[in-house]
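# structure for this input, please:
(one chain, ligands or ions: 2)
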Amino acid sequence: MPQATLPKGLRDEVERLGKADIMVGIPSFKNASTIGYVVRAAQAGLVQYFPDLRPVVVNADAGSPDGTQRVVVDTEPPEYIERILLVRPRNRLQRISLTYPEIDGVGGKGAALRTIFGIARALEVQALVVVDSDLRSIVPEWIELLAGPILKGGFDFVAPLYSRYKYDGTITNTVTYPFTRALYGLRIRQPIGGDFGVSGDLIAHYLEQDDWTPDISKFGIDIWMTTKAVTGGFAVCQTRLGAKVHDPKDPGSDLGPMFSQVVSTILRLTVKHADRWLGVRGSREIPAYGFERIIDPPPLEVNTQRLLDEMAKGRLTAGDTWAVALAPEQLAAVTELAEEAGRVVDAATRADTPTTIEDSTFTFPDETWARIIFDYALAAKADAVPLDRLVASLIPLYFGRVASLIIETRELTTDRAEAFVERQARAFELGKPYLVERWRALDAAANAVGPRGGKPKGRSASRTTSPTKPRGRPKRDTPKKAAT
Ligand SMILES: Nc1nc2c(ncn2[C@@H]2O[C@H](COP(=O)(O)OP(=O)(O)OP(=O)(O)O)[C@@H](O)[C@H]2O)c(=O)[nH]1
Ligand SMILES: [Mg+2]
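Ligands and ions are numbered 1, 2, ... in the order given. Sure, this is the predicted structure:
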């Protein structure tokens with residue numbers, strides 16, 4: 001990992017803190033209006049649930065012009081905790097806010113977390129909790145729910161489990177959840193939820209990795225953290241946090257760049273860690289910590305017409321790359337779907353018809369979507385198209401897939417819409433032999449070329465089959481202690 005050591009100024013600040021046992025890390029970028037609440041919840045949680053541990057809260061900010069850092073530093077002092085919890089904190093509550101350094105000229109959420117990992121290691125914490133700074137639904141108990149499985153249960157990685165409105169978390173629902181589950185066989189429902197618990201051992205593992213990319217410095221960080229925990233053989237669980245309420249995003253207008261960063265990262269990791277998933281069949285539940293919650297998250301507006309319009313335009317903007325990346329069957333299906341998307345938008349925008357997008361029966365089948373993602377993973381392995389162009393061409397298809405999910409679940413509650421996400425995840429699992437067979441064929445072809453032509457072409461089997469073990473640390477995928 002680049003910049004494994006902290007810059008001098010930061011090191012001095014961290015040295016002043018001494019050591020800590022538990023840390024809450026909060027990345028931020030222009031979150032002045034919400035971060036004060038998150039900091040207060042984190043502080044109260046640290047004191048209420050872990051009174052014997054030495055706590056610290058670290059905010060890594062992008063240098064936001066809106067005063068985010070000032071809010072963190074000025075937010076209620078420890079007396080506030082005493083007032084609301086009726087106890088004086090036993091250990092001094094430390095709190096710092098800093099501007100994180102960019103990594104190779106790139107800043108973003110991942111660069112912020114990279115600094116947070118470095119500080120956590122320097123302070124020798126046993127558990128790190130990271131939470132987003134735009135959260136409305138965090139309460140002090142989240143700190144216990146995210147750190148408890150590490151400190152009491154011996155787990156290394158705690159992923160969040162929350163109810164999100166049926167149209168929120170679309171990158172999760174369409175790609176990271178079903179694909180991670182099918183690849184590694186673990187049902188981690190929110191692999192990029194943004195709120196995680198991480199053990200000291202796993203932080204050390206993160207800091208040893210040498211595959212950092214600019215996408216990981218941005219929103220690729222969440223899937224990188226989750227995948228590295230799994231491929232490193234660390235003990236993984238999830239925790240029930242209730243509802244995730246945060247700044248809303250409309251997939252069609254806000255999520256394109258995030259999709260590229262997340263999906264480029266998952267594809268790179270799929271190629272790199274093939275040895276960890278090629279032999280995995282089916283999937284299993286992982287332990288879920290915490291009391292069940294029944295909460296309805298607030299609704300979110302999505303512009304479905306825009307999604308379908310982008311899908312239709314994909315024929316022009318991405319058609320050439322589709323032709324390289326997709327197998328003939330998927331290419332034919334996608335071309336037909338893009339035409340259908342165009343027809344639906346035309347009908348909905350014509351003044352003389354009362355049709356709306358919501359009335360349409362536009363359907364993007366689960367199996368087709370699963371195979372598209374598999375074709376893109378194979379294309380990433382074959383290196384036939386530069387990865388950024390490859391992933392850019394997937395965005396219109398993601399929009400089409402999201403539009404289809406919205407149309408299919410429009411009458412359903414968030415709870416019932418979950419069945420569609422599960423149905424799709426099963427399609428990924430059932431379709432996995434398609435991916436494995438073609439992956440092995442690419443390996444075999446590269447090996448056949450290898451001896452005759454000298455160097456094996458592309459990403460050969462020899463690269464994908466060498467396991468990356470955490471150095472100097474035994475692998476384990478069961479908790480160190482009895483699970484709580
Ligand atoms: N330091 C830093 N933090 C950032 C940057 N961009 C986003 N963040 C933080 O990362 C967190 C998640 O960003 P959001 O924009 O809320 O992303 P999201 O769509 O809600 O993503 P998820 O919640 O993970 O589904 C928030 O705490 C942001 O403040 C950045 O450029 N620098
Ligand atoms: Mg958010």
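# so residue 81 sits against residue 92, correct?
No. Applying C-beta atoms under 8 Å, one finds residue 81 not in contact with residue 92, separated by 11.5 Å. All C-beta spots, glycine's among them, are computed from the backbone N, C-alpha and C.
# out of those two, which sits in the more crowded spot?
More crowded of residue 81 and residue 92, by other C-beta atoms under 10 Å: residue 81, with 21 against 12.
# in three-state terms, label the more buried one for me.
Three-state assignment for residue 81 (DSSP: H, G, I helix; E, B strand; the rest coil): helix.
# check which helix or strand covers the residue lying closest to it once chain neighbours are set aside.
Once flanking residues are discounted, residue 81 sits nearest to residue 47: 5.0 Å by C-beta to C-beta, 6 or more residues apart in numbering. Assigned by DSSP states H and E, residue 47 belongs to helix 35-49.
# domains for this protein, by residue range?
8-289, 304-455 (automatic domain parsing).
# can you say which of those is packed in most?
Comparing the domains of the chain by mean neighbour count (mean count of other C-beta atoms under 10 Å), domain 8-289 ranks first with a mean of 21.
# residues from the stretch 301-450 of the chain in reach of ligand 1?
Within the stretch 301-450 of the chain, no position lies close to ligand 1 (C-beta under 6 Å from any ligand atom).
# how about the helices in the stretch 301-450 of the chain?
304-317, 319-325, 328-349, 366-382, 387-408, 414-453 (DSSP state H, counting those that start in this stretch).
# any chance of TSV for those helices, columns distance to ligand 2?
TSV is the format used below for the helices of the stretch 301-450 of the chain (distance: least, C-beta to the ion, whole Å):
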stretch	distance to ligand 2
helix 304-317	20
helix 319-325	30
helix 328-349	28
helix 366-382	24
helix 387-408	17
helix 414-453	17
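# among those, which is nearest residue 34?
Among the helices of the stretch 301-450 of the chain, helix 414-453 comes nearest to residue 34, with 22.4 Å by C-beta to C-beta.
# on contacts alone, who are the packing partners of that closest one?
helix 177-184, helix 366-382, helix 387-408, helix 461-464 (3 or more C-beta pairs under 8 Å, 6 or more residues apart in numbering; DSSP states H and E).
# where does the nearest residue to residue 42 once chain neighbours are set aside sit: helix, strand or coil?
What sits nearest to residue 42 in space, not counting adjacent residues and going by C-beta to C-beta, 6+ apart, is residue 24, at 4.2 Å. Under three-state DSSP, residue 24 falls in the strand class.
# how about the residues of the stretch 1-150 of the chain near ligand 1?
27-29, 31, 60-62, 107-109, 112, 132-134.
# among those residues, which are in helices?
109, 112 (DSSP state H).
# which two in the residues of the stretch 1-150 of the chain next to ligand 1 are spaced the farthest apart?
Using C-beta to C-beta, those reach their maximum pairwise distance at 107 and 134, which is 17.3 Å.
# how far off centre is stretch 173-187?
Chain-centre distance of stretch 173-187: 11 Å, with C-alpha atoms, centre = their mean, to the nearest Å.
# what about it, near ligand 1?
No. Contact of stretch 173-187 with ligand 1 is not found when judged by C-beta under 6 Å from any ligand atom; the minimum separation is 9.9 Å.
# so which strand or helix has residue 96?
Residue 96 is part of strand 94-99 when elements are defined by DSSP H and E.
# run me through the strand neighbours of that strand, direction for each.
strand 55-61 (parallel) (DSSP bridges).
# the partner strand vs helix 35-49, what angle?
160 degrees (axes from the mean of the first three to the mean of the last three C-alpha atoms, to 10 degrees).
# list the contacts of strand 55-61.
For strand 55-61, the external contacting residues (C-beta atoms under 8 Å, 6 or more residues apart in numbering) are 17, 20-29, 35, 39, 42-43, 46-47, 68-69, 72, 91, 93-100, 112-113, 115-116, 119-120, 123, 125, 133.
# quick one: average confidence on it?
The average pLDDT for strand 55-61 rounds to 97.
# show me the contacts for the residue of the stretch 201-350 of the chain found nearest ligand 2.
Nearest residue of the stretch 201-350 of the chain to ligand 2: residue 246, at 3.7 Å (C-beta to the ion). Contacts for residue 246 (C-beta under 8 Å, 6+ apart) come out as 132, 134-137.
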